[in-house]
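*Asks:* heads up, no residue letters with this:
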């Protein structure tokens, strides 16, 4: 299996982060996880990034030529997310019982890197080309009906004069 066309990270970047899980620091068909599993986890992390990019109107996949900074950020986030997923494949029994859970702390740090990019996308602060001009959420400001069909006053007017002198 190879890394998908819409994947930003690389196996080499994952190996740089969590290669210490295997003796040679290089994933192969004989390691746990295998090279194919690491590539699949890279694709999984990229799919999460691409899904949220698409949801917020960004062009998917982000092009390294048009948006080099955004692409680099996605590359780092994709590799960190995949590295966190690789750490999830390590059984907890393999840890030294006399130490706190270093794998968990490490995994959280890696996932936080990916989550920071996803949050920037959600906030519209991601520096990449958008398919649509902006992410618009429509708000309803008029009256609405309750479950029985009775019209309710708009929230911004409801009860304004019920208590004179109180704002």
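*Replies:* The structure has been received and is ready for your questions. This structure is a prediction, so every number in the text was calculated from the model and none was measured.
*Asks:* run through who's touching the host helix or strand of residue 117.
*Replies:* Per DSSP states H and E, residue 117 falls inside helix 102-123. Applying CB atoms under 8 Å, 6 or more residues apart in numbering, the external contacts of helix 102-123 come out as 17-18, 45, 48-49, 52-53, 56, 58, 73-74, 76-78, 80-81, 83-84, 87-88, 90, 92, 95, 126. Every C-beta, even on glycine, is put in place using the N, C-alpha and C of the backbone.
*Asks:* could you redo the last one with a cut-off of 6 Å?
*Replies:* 52, 53, 56, 73, 77, 80, 81, 83, 84, 87, 90, 126 (CB atoms under 6 Å, 6 or more residues apart in numbering).
*Asks:* spell out the secondary structure type for the second one.
*Replies:* Using DSSP: H, G, I helix; E, B strand; the rest coil, the secondary structure recorded for residue 53 is helix.
*Asks:* nearest spatial neighbour of it, skipping sequence neighbours?
*Replies:* Using CB to CB, 6 or more residues apart in numbering and skipping residues adjacent in sequence, the residue nearest residue 53 is residue 60, 5.1 Å away.
*Asks:* same check, this time on the fourth one
*Replies:* Nearest in space to residue 73, with sequence neighbours left out and distances taken as CB to CB, 6+ apart, is residue 117 at 5.8 Å.
*Asks:* neighbour-wise, which one of the contacts of helix 102-123 leads?
*Replies:* Scoring those on neighbours with other CB atoms under 10 Å, the highest-scoring entry is residue 83 at 29 neighbours.
*Asks:* just checking, that one touches residue 15?
*Replies:* No: with contact defined as CB atoms under 6 Å, residue 83 does not reach residue 15; the gap is 8.9 Å.
*Asks:* point out where the protein drops to low pLDDT.
*Replies:* Applying pLDDT under 70 to the predicted model, the residue ranges of the chain that meet it are 1, 92-104, 132-149, 152-167.
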